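> My questions are about this predicted structure, shown below with the sequence.
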Amino acid sequence: MLLLAAAGLVAFVLLLYMVSPLISPKPLALPGAHVVVTGGSSGIGKCIAIECYKQGAFITLVARNEVVLCISVDVSQDYNQVENVIKQAQEKLGPVDMLVNCAGTSISGKFEDIEVGTFERLISINYLGSVYPSRAVITTMKERRVGRIVFVSSQAGQLGIFGYTAYSASKFALRGLAEALQMEVKPYNVYVTVAYPPDTDTPGYIEENKTKPLETHLISETTSICKPEQVAKQIVKDAIQGNFSSSLGSDGYMLSALTCGMAPVTSITEGLQQIVTMGLFRTIALFYLGSFDSIVRRCMVQKVKSEPTDKMA
């Protein structure tokens, strides 16, 4: 019975795609393309810029010579200013073929300890800092019938984690923006990619660790830290191919499958893989969630035990 049900489900999915054909996007040729990277002065953004440059693209860094244009601007504060900067870049290096929204920051802490202004700041930088540049390039991309827009989210944008009430929310928002935008621009041969990098060895990650709660530290230690060069190569590869989701490693693959929801896919194979693996991955995820809850409970017990000692001292 289970085999028949599975076969029926697969047949149903195939029928859906026969009724509404899925056209995979043609890869974007980077040689000679104009790539704009926000937050490109360090970390993942810098490595993405370098990777695109190696593949022959002209680069604008929004954050030195005829090939590399560097412009200083806060992409989260003033849309008109961002729009003017993009116009300057296009006048020098031509229309934008690919925009990589990598500007962002992370602040962790318990919900009640985080200042209200911090929530506003992270939404401004991590969300609006991606909305403004995308808004500035989208019209030209649609007119030219070519383009790629990348939103660099985080695994914390797929899974809410202790200490990330402000950060996760701002990164989750990018997913909703990307899904809606992809549906709008797909007919114009413009494709959106959402990247979900894991903990990555960047200056921002090092700075974040200085104030990260113990629980968040311990949860983060359950996975390995990636090199920004690895993350950058994967993001560029997926963006070129027009893949909606970009992840790295087995954990990233599992999270992308688990959180696929109504996200678009670029091949029938991708959709079938998500269907087949969902049950298994959900089982594994429950073990992960159980271990995270256990970490939080242990930390709470330790703090309760230490309170009398603190008071006596």
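Structure's in. What do you need?

> Isn't residue 191 up against residue 245?
No: when contacts are counted by C-beta atoms under 8 Å, residue 191 is not listed as touching residue 245 (11.7 Å). Where C-beta positions appear, they are placed from N, C-alpha and C, glycine not excepted.

> What ranges does the stretch 201-313 of the chain have for its strands?
245-246 (DSSP state E, counting those that start in this stretch).

> so where's it uncertain?
Scanning the stretch 201-313 of the chain for pLDDT under 70 picks out 308-313.

> Mind doing that once more with 50?
Low-confidence segments of the stretch 201-313 of the chain (pLDDT under 50): 311-313.

> same question, the stretch 1-150 of the chain
For the stretch 1-150 of the chain, the stretches with pLDDT under 50 are 19-21, 64-66.

> Kindly recompute the last result at 80.
1-24, 63-73 (pLDDT under 80).

> Tell me where it has strands.
Secondary structure of the stretch 1-150 of the chain by DSSP E, counting those that start in this stretch: the strands cover 34-38, 58-62, 68-71, 98-101, 147-152.

> now the first one against strand 58-62, angle please.
Using axes from the mean of the first three to the mean of the last three C-alpha atoms, to 10 degrees, the direction of strand 34-38 lies 20 degrees away from that of strand 58-62.

> now strand 34-38: how far from the chain's centre is it?
Relative to the chain's own centre, strand 34-38 is displaced by 16 Å; criterion: C-alpha atoms, centre = their mean, to the nearest Å.

> That strand to strand 147-152, inter-axis angle?
Strand 34-38 and strand 147-152 meet at an angle of 20 degrees, taking the same axes, to 10 degrees as the criterion.

> which helices and strands does strand 34-38 pack with?
Counting contacts by 3 or more C-beta pairs under 8 Å, 6 or more residues apart in numbering; DSSP states H and E, strand 34-38 packs against helix 43-54, strand 58-62, helix 79-93, strand 98-101, helix 129-144.

> Quick one: distance of the fourth one to the chain centre.
Same thing as strand 98-101. Taking C-alpha atoms, centre = their mean, one finds strand 98-101 lying 12 Å from the centre of the chain it belongs to.

> can I get the CA coordinates of it in PDB?
Output in PDB follows, covering the C-alpha atoms of strand 98-101 (Å, rounded to 0.1, in the frame of the first residue of the first chain):
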ATOM      1  CA  MET A  98      23.500  40.100 -11.300                       C
ATOM      2  CA  LEU A  99      22.900  41.700  -8.000                       C
ATOM      3  CA  VAL A 100      24.200  40.000  -4.800                       C
ATOM      4  CA  ASN A 101      22.600  41.400  -1.600                       C
END
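
> Give me the residues contacting it.
28, 30, 33-40, 45, 48-49, 52, 57, 129-130, 133-134, 137, 147-152, 235, 239 (C-beta atoms under 8 Å, 6 or more residues apart in numbering).

> try the second one
Counting by C-beta under 8 Å, 6+ apart, the neighbours of strand 58-62 from elsewhere in the structure are 32-41, 45, 49, 52-53, 67-71, 73, 75, 82, 85, 89, 92-94, 96, 103, 133.

> which of these count as buried?
33-41, 45, 49, 52-53, 69, 71, 73, 75, 82, 85, 89, 93, 96, 103, 133 (16 or more other C-beta atoms under 10 Å).

> Find the nearest non-adjacent residue to residue 249, please.
Closest residue in space to residue 249, ignoring its immediate chain neighbours: residue 198 at 6.6 Å, by C-beta to C-beta, 6 or more residues apart in numbering.

> so when I look at the one you found, I'm seeing a helix, right?
No: looking at residue 198 with DSSP: H, G, I helix; E, B strand; the rest coil, it is coil, so not inside a helix.

> contacting residues for it?
Contact analysis of residue 198 by C-beta under 8 Å, 6+ apart lists 155, 223, 224, 225, 226, 231, 248, 249, 251, 252.
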